[in-house]
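Enquirer: mind looking at a prediction? Sequence and model below.
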Amino acid sequence: MKQQKNNWGYVLKVIIGLTILSFLIALFISFFIGNDFEGLDGNVAVIDITGTIVADKDANFLFEDVTSSDEIRKLIRKADKNNRIKAIIFKINSPGGSAVASEEIANEIKKTNKTTVAWIREIGTSGAYWIASSADYVISNRMSITGSIGVIASYLGFSDFLKEHNVSYERLVAGSLKDMGSPFKELTPGEKALFEKSLDAIHDYFVDEIAKNRNLRKSDVKKIATGMFYLGVEAKELGLVDELGSREEVINYIEKQIGEETDLVEYKKEKGFLGSLSQIIGQSSFYVGKGVGNALFTKAKLADSVSIST
């Protein structure tokens with residue numbers, strides 16, 4: 001028992017020591033390294049559009065990879081102001097997300113005075129394709145998932161569950177449509193029609209923007225705007241992308257446009273002191289936890305004589 005207490009005391013000292021070390025490392029990174037974009041070399045900025053597209057990164061997406069329109073717009077403006085930057089690559093791997101956030105990013109791209117290229121690697125659908133279409137040129141892999149020009153809204157309904165368990169929904173509203181979409185009651189035909197009307201309006205905005213950005217007739221875009229996704233090779237035939245390829249094709253296009261060799265530099269949100277500290281402490285905690293877990297697991301395995309291989 002005494003030996004076990006000593007072991008936990010040692011583990012606690014290790015955790016405290018690594019936390020202090022992490023703090024000092026993060027402090028060094030923040031003050032002496034940092035992410036000063038204005039001082040970065042390179043003539044082509046690379047901005048990632050990954051994960052779900054949202055307006056505010058801090059809104060309910062703690063453990064999910066997301067793209068914040070506020071952050072991306074700041075990066076675009078920073079690259080646009082840098083005289084050394086001749087072109088911007090938007091490396092896209094996203095299924096889409098907020099219509100508002102997607103439009104905000106797309107509009108910011110169209111304001112730039114640089115050559116812009118959207119590079120769809122694996123997936124660039126819905127709002128992510130809206131963003132891609134706003135670039136001067138779109139390149140995608142022939143097997144990438146592209147398009148999906150559509151709008152969706154959904155919610156979970158518990159009205160039948162409540163009935164089965166003899167639970168009632170007491171409805172108190174000021175305004176007949178105030179609880180429209182509540183999971184505790186079914187949509188009425190009138191409420192459903194109103195929802196569909198709003199979705200149709202957003203879908204029309206989407207179609208209109210794609211037609212303008214890609215220089216296509218709106219009627220042609222409307223025919224393929226069913227929400228269906230297309231492989232890159234199909235998207236090219238439909239006029240949704242300009243070229244099939246990957247990094248090499250992106251570089252070749254940009255070099256032809258700017259008349260010089262490309263030197264890529266990644267533009268991403270500066271983490272600063274707290275962000276660096278959080279990441280380092282998180283990684284340290286993971287490995288410390290892994291070490292402790294392995295030690296305890298090893299003791300249990302020896303005691304039980306169980307052989308486990310991975």
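Expert: Cool, got the structure.
Enquirer: C-alpha from now on. contacts and neighbour counts both.
Expert: Noted.
Enquirer: and the helices in the chain, which stretches?
Expert: Remark: helices assigned in the chain by DSSP state H are 2-28, 69-81, 99-111, 127-133, 159-164, 189-214, 218-224, 232-237, 247-258, 272-304.
Enquirer: got the confidence number for residue 309?
Expert: pLDDT recorded at residue 309 is 26.
Enquirer: quick one: low-confidence parts of the stretch 101-250 of the chain?
Expert: 155, 158, 161-162 (pLDDT under 70).
Enquirer: go with 80
Expert: The stretch 101-250 of the chain contains residues with pLDDT under 80 at 152-173, 175-185.
Enquirer: excluding sequence neighbours, find me the nearest residue to residue 52.
Expert: Leaving aside its sequence neighbours, residue 52 sits nearest to residue 66 (C-alpha to C-alpha, 6 or more residues apart in numbering; 4.7 Å).
Enquirer: so what's residue 54 bridging to?
Expert: Residues in a beta bridge with residue 54, per DSSP bridges, are residue 68.
Enquirer: what residues sit buried inside stretch 137-152?
Expert: Neighbour-count burial for stretch 137-152, with 16 or more other C-alpha atoms under 10 Å as criterion, is recorded at 137-151.
Enquirer: so what would you say the end-to-end distance of that stretch is?
Expert: Terminal residues of stretch 137-152 are spaced 27 Å apart (C-alpha to C-alpha, to the nearest Å).
Enquirer: ok, now stretch 179-195?
Expert: Using C-alpha to C-alpha, the end-to-end distance of stretch 179-195 comes to 13 Å.
Enquirer: how far off centre is it?
Expert: In terms of C-alpha atoms, centre = their mean, to the nearest Å, the centre of stretch 179-195 is set 30 Å apart from its chain centre.
Enquirer: ok now stretch 192-211, how far from the chain's centre?
Expert: Relative to where its chain is centred, stretch 192-211 has its mean C-alpha point 23 Å off (C-alpha atoms, centre = their mean).
Enquirer: in it, which residues are buried?
Expert: By neighbour count with 16+ other C-alpha under 10 Å, stretch 192-211 contains the buried residues 199, 202, 203, 204, 206, 207, 208, 209, 210, 211.
Enquirer: ok, now stretch 210-227?
Expert: Within stretch 210-227, the residues that qualify as buried are 210, 211, 213, 214, 216, 221, 222, 224, 225, counting by 16+ other C-alpha under 10 Å.
Enquirer: okay but the third one is in contact with residue 134, surely?
Expert: Yes. With contacts counted by C-alpha atoms under 8 Å, residue 213 reaches residue 134, the gap being 5.4 Å.
Enquirer: neighbours around the residue nearest to residue 112 when sequence neighbours are not counted, how many?
Expert: Closest residue to residue 112 apart from its sequence neighbours, by C-alpha to C-alpha, 6+ apart: residue 80 at 6.0 Å. Residue 80 has 21 neighbouring residues, counting by other C-alpha atoms under 10 Å.
Enquirer: ok, now the one 5 residues further on?
Expert: Other residues lying near residue 85 total 21 when counted by other C-alpha under 10 Å.
Enquirer: do residue 177 as well
Expert: Other residues within reach of residue 177, judged by other C-alpha under 10 Å, total 10.
Enquirer: what sits against it?
Expert: For residue 177, the contact set (C-alpha atoms under 8 Å, 6 or more residues apart in numbering) comprises residue 191.
Enquirer: quick check: phi and psi on it?
Expert: The phi and psi values for residue 177, taken as degrees, to the nearest 10, are phi -110, psi 10.
Enquirer: that one and residue 194: what is the separation?
Expert: According to C-alpha to C-alpha, residue 177 and residue 194 sit 10 Å apart.
Enquirer: now do residue 164
Expert: According to C-alpha to C-alpha, residue 164 and residue 194 sit 29 Å apart.
Enquirer: check residue 181 too.
Expert: Distance of residue 181 to residue 194, given as C-alpha to C-alpha: 11 Å.
Enquirer: again with residue 135
Expert: Computed as C-alpha to C-alpha, the residue 135 to residue 194 distance reads 34 Å.
Enquirer: just residue 104 next, same as before
Expert: Going from residue 104 to residue 194 by C-alpha to C-alpha gives 25 Å.
Enquirer: how about residue 80?
Expert: Look at residue 80 and residue 194: by C-alpha to C-alpha, they are 41 Å apart.
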